[in-house]
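> dropping a prediction and its sequence here:
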Amino acid sequence: MHDDRQLTEGRLTRFIDDVLPGALYRRRKPLQVQAWHVPGEPVPVSKALAAEYRAVEVPFPWGAPWSTSWFRVRGSVPPEWFEDGRLPAGTRLEVAVDLGFYGDRPGFQAEGLAFLPDGSLVKGIAPRSAYVPWPEDRRDHEFFIEAAANPDVAGEYTFRPTPLGDRETAGAEPLYTVRQIDLGLLDTTVWELAQDIWTLRGLMAELPVEGSRRWQILRALERMIDVVDPDDVAGTAARGREELAGALSSPAVASAHRVVAVGHAHIDTAWLWPLRETIRKCARTFASAVALMDEYPEYRFACSSAQQLFWIKRDYPDLFQRIREKVATGQFIPVGGMWVEPDMNMPGGESMARQLVLGKRFFLEEFGVDSQEAWVPDTFGYSAAIPQILREAGMRWFMTQKISWNQTNEMPHTSFLWEGIDGSQVFTHFPSADTYISELSGAELAHAERNFKEKGTAGSSLVPFGWGDGGGGPTREMLAAASRLRSLDGSPTVEIDSPEAFFERAEAEYGEPPVWVGELYLELHRGSLTSQHRTKQGNRRNENLLLEAELWAATAAVRAGASYPYREIEAAWQTVLLHQFHDILPGTSIAWVHQEVEEANADVERTLERIIAAALAALSGPGERELVANARSFPDAGVLPLGVGEPAPAGGELDVRETEAGFVLSNSQIVVGVDQLGHITSLRDTTSGREAIPAGESGNVLMLHRDTPNLWDAWDVDVHYRRAARPIDGIESIAAGREPDAVTLTIRRRFGTSSISQVLRLERGAGSLAIENTIDWKEKHKLLKLVFPIDVHADRFAAETQFGHVFRPTHVNTSWDAARFEVSAHRWIHVAEPGYGVAIANESTYGHDVTRHTVDGRRTVVAVGLSLLRSPEFPDPGADQGEHVIRFAVRPGAGIRDAVREGTALNLPQRRVRGEHPVAPVISVSHPGVSVSSVKLAEDGGGDVVVRVYESEGARAEVTVTADFDAGTPRLVDLLERDSGRETVAIGPGRITLSLGPFQLATVRIPRL
């Protein structure tokens, strides 16, 4: 026969575009609409219901950016719509709403939420779900719509500056025009026909033209078009469905790929909208989800953020109760077990632990659910410490799909065991559909099967479906597609089920999965390690203050009987954890978000400083003796770890002198040479006498790079930044200074429209040089780095991560190595060859690069670059503009232990207080390589002391943790402080000895008697 495929497919396209849409509603009737435009920020529904509304005529403009309007909608069903007192068979009533939508992507434009007059929620309103059900038993009806005029900040993703991300610059003109609020008589037969066509057409497009199945579907669709009369679609739609029934009933082959579909709405907790809008996005999405669950009992919806459900409990208690009921039926599924879906590179180890502690505890207390799967589909890479942290929280599985965004290398596995720095393993799955916002289309399912890496050994993949990022979730159309795809010839099978059911199946069918060792590095979004420095600095500062607040509050409770501020500390943790969301801490949100975060960080800092001051006052008493409160795991100025005592005076020589070449700063530990440009030309420790700076090179060099990524302005640093750079050599002044226990060198520079004042500070007896940079940053699309060449021959370097460190190559032997041109480090970087190394510590920097180059054609040295500031213009045109203070410390002749201590000291600066007497530590740890992560009182409020420790050097350690108070027998617990069942070396009252493996984490609960 003749090949008429393209002709028939074109005919089908026109039928879908021109015939079906107008036939979905048999009848329409405009409803009465009244409006109230909220002055200022959104209001509770109780206030909106009592407001004064004014009549409006559709169409009407509304909605300045970020404003809210409420619409009261009233009307009656026309009598002529009924036949013998009933609606025609195959129809139902609903209200079609068009708030002025453009395009069909939900979550990035106007959104609505329907309420009944009693204040109860109905469902969200957005493109793809632009309807409100009309009660079957009501002729007359009234409801309200809360309409949010959220601007489309992203636009066409050109990444050009936009004023829309800040209330002060977003403008006041209406963005939208309400075009329709009509009562409609939906023809359910036509709607079902549309779903049949959508599924079959999508499948057909993925099948080979040479295959019989494609032609079978094409001919069925052709017959459908023949029998459906465009002038009487309602009367002929059933015949059209009959023509498609055979194609839809042909079952999948036995070897078909198996998809477990899980309803999902990845709601970014903040991004191109503020936190307050996320709360409403959650209400819209979750209200729609539970409404669909009433209609589709098979529907399963996974929600991954305890913070979002916390907001719903607080602000929408009736909806929260409905969610609780759906959790009990197994339809609404809390997953992930974390407070938010955080960035997983930058939060500290204790923060990652608390993400799980607070998240899992909320799910357990509110729903009785103990989540087993980590669920972070959109985070920008995953540190090698994560497997251990997950296992310590009782997690079994891990899911993400973001690694599919890699620019260079493709991950070789779909399902595998992921092994962390301590050897812990967690079963991991990357959905092979490469999306977390699937609509269960033919293209997505075909890609899931083609892209599945474990063919022949396993056959199941997970597909999260539902509109996301800006919320929305699954639609009734997606659920219709799932039912048609349950077993359909040519397609993977689709079964809606829970994440737990998927993971149990995937583990069972894959007896010996491959193992991936180390970090899951995302070859993209490397700039997120540096963007919005104030947000990152506030996070780091408050992480450290929280650990101090817990330590001193717990010590005060034990030593002085002081009340432990559980609620204030938990509230501070909640705020810090919220701000670690993967579009907040990375610096990729609008200006509004980062402004609020900086204000909140300042509030948290004030609260924690007050808690610390009160605890130390209760401990040391009134007095004028100068004391040091040492929160570190090692002595400070002679004061015991975790205790309060009188500092021993620093000893040894100290000098700064000017020479012909520049300046020399020296003490008993190190000697630093600085030239007239303020660059470090010599750095030696007095113990080894070895020079750390390669001959003819200089350290402390500021490099200004052109920073114009191809895409994703705030997110990305592209490798070509290296090829457009210049050193900042210009100098306004350089001057030496002396203090009683320190010498300094102050260097002032100007570049572009910016300026920097650097203070090199060498303290008496210190083994490191401190560098404080005060920068007035006014650049655009620039990256500022501080570079140190180090004279060591090293093919790898160490970078701190949560509860340990990772080694990464300095070379670019493979494409995997080359792709890691900007990497994350927490408090320190260490470069070394056997017998000698140099540590560089930071107090708020995460982005680093470490490279190697050849000297004299014979030997190699390395260069460490620390990323200080960026200046992207999207989504925040003013990102990082203004003054910053950024601190580093450089220690020559350093081992890993020295690096750990330098990083700790810089982040927990010496705290001097006045009081009457010293305070002995309540906890001591016997091994110098074992760090204390936290000392606190137990989460359950019972008063027990909980200590978390980890091996920090990558070696085995036998360590004894001893309580210096009247204590019972300690026991090992997990992160949630439940008995772990793990063995100990020895145990007794107030004392426990552990054998820790490299980087092993352990939590000890010590009863107070």
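It's in. Numbers count the residues shown, from 1 in each chain.

> of all residues in this protein, which one is nearest the centre?
H582 (2.2 Å; CA atoms, centre = their mean).

> ok, now which ones touch it?
D268, V340, E341, P342, D343, M344, V376, D378, T379, F380 (CB atoms under 8 Å, 6 or more residues apart in numbering). The way it works is simple: take the backbone N, C-alpha and C, and place the C-beta from them, glycine included.

> look at the last one and give its secondary structure.
This points to F380. Three-state assignment for F380 (DSSP: H, G, I helix; E, B strand; the rest coil): coil.

> could you measure from it over to E763?
Going from F380 to E763 by CB to CB, to the nearest Å gives 37 Å.

> which one of those two has more residues nearby?
Higher neighbour count among F380 and E763: F380, with 26 against 18, using other CB atoms under 10 Å.

> as a markdown table, the contacts of H582 with pLDDT would be great.
Below are the contacts of H582 laid out as a markdown table (pLDDT from 0 to 100):
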| residue | pLDDT |
| --- | --- |
| D268 | 98 |
| V340 | 98 |
| E341 | 98 |
| P342 | 98 |
| D343 | 98 |
| M344 | 98 |
| V376 | 97 |
| D378 | 96 |
| T379 | 97 |
| F380 | 98 |
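
> so among those residues, which ones count as buried?
D268, V340, E341, P342, D343, M344, V376, D378, T379, F380 (16 or more other CB atoms under 10 Å).

> R276 - that's part of a helix, no?
Yes. R276 forms part of a helix when assessed by three-state DSSP.

> any stretches of the stretch 51-200 of the chain with poor pLDDT?
The model of the stretch 51-200 of the chain has no residue with pLDDT under 70.

> ranges for the strands of it?
Here the stretch 51-200 of the chain has its strands, by DSSP state E, counting those that start in this stretch, at 54-56, 60-62, 68-76, 91-98, 111-115, 121-125, 131-133, 140-148, 176-178, 180-187.

> mind naming the longest helix for the chain?
In the chain, taking DSSP state H as the definition, the longest helix is helix 591-620.

> which parts of the stretch 451-600 of the chain are helices?
With DSSP state H, counting those that start in this stretch as the definition, the stretch 451-600 of the chain shows helices at residue ranges 476-484, 499-509, 533-560, 566-578, 591-620.

> out of these, which is the most enclosed?
Mean neighbours per residue, mean count of other CB atoms under 10 Å, is largest over the helices of the stretch 451-600 of the chain for helix 533-560, with a mean of 23.

> leaving out sequence neighbours, find the closest residue to R139.
V77 (5.1 Å; CB to CB, 6 or more residues apart in numbering).

> and the gap between that neighbour and C282?
From V77 to C282 the distance is 33 Å (CB to CB).

> quick one: which of these two has more around it?
Shown here are V77 and C282; by other CB under 10 Å, C282 has more neighbours (26 against 18).

> what's the closest non-adjacent residue to that one?
Excluding its sequence neighbours, the residue lying closest to C282 (CB to CB, 6+ apart) is Q308, at 4.7 Å.

> part of a helix, is that neighbour?
Yes. Counting by three-state DSSP, Q308 is part of a helix.

> quick check: it vs K123, distance?
17 Å.

> what of V327?
V327 is 19 Å from K123, by CB to CB.

> and these two? which has more neighbours close in?
Counted by other CB under 10 Å, V327 and K123 do not tie: K123 has more neighbours, with 22 against 19.

> average pLDDT across the strand or helix carrying V672?
Per DSSP states H and E: V672 is located in strand 670-675. Per-residue pLDDT values over strand 670-675 give a mean of 98.

> what's the answer for stretch 850-862, then?
Stretch 850-862 comes out at a mean pLDDT of 93.

> can you check stretch 543-557 too?
The model assigns stretch 543-557 a mean pLDDT of 98.

> then stretch 922-941?
Mean predicted confidence for stretch 922-941 is 98.

> chain center to it, what's the gap?
28 Å (CA atoms, centre = their mean, to the nearest Å).

> gap between the two ends of it?
18 Å (CA to CA, to the nearest Å).

> what does stretch 151-162 give?
End-to-end for stretch 151-162, by CA to CA: 11 Å.

> buried ones in it, by neighbour count?
Those buried within stretch 151-162 under the rule 16+ other CB under 10 Å are P151, D152, V153, A154, F159, P161, T162.

> tell me the one of these nearest E444?
Of all the buried residues of stretch 151-162, E444 sits closest to A154, with 21.5 Å by CB to CB.

> contacts for the lowest-mean-pLDDT helix or strand in the chain, please.
Lowest mean confidence among the helices and strands of the chain (mean pLDDT, DSSP states H and E): strand 986-988, at a mean of 89. For strand 986-988, the surrounding residues in contact (CB under 8 Å, 6+ apart) are T960, T969, P970, R971, I992, T993.

> cutoff 10 Å now
958, 960, 962, 967, 969-972, 992-995, 1004 (CB atoms under 10 Å, 6 or more residues apart in numbering).

> right, and the helix or strand after that strand?
Using DSSP H and E, the first helix or strand after strand 986-988 is strand 991-996.
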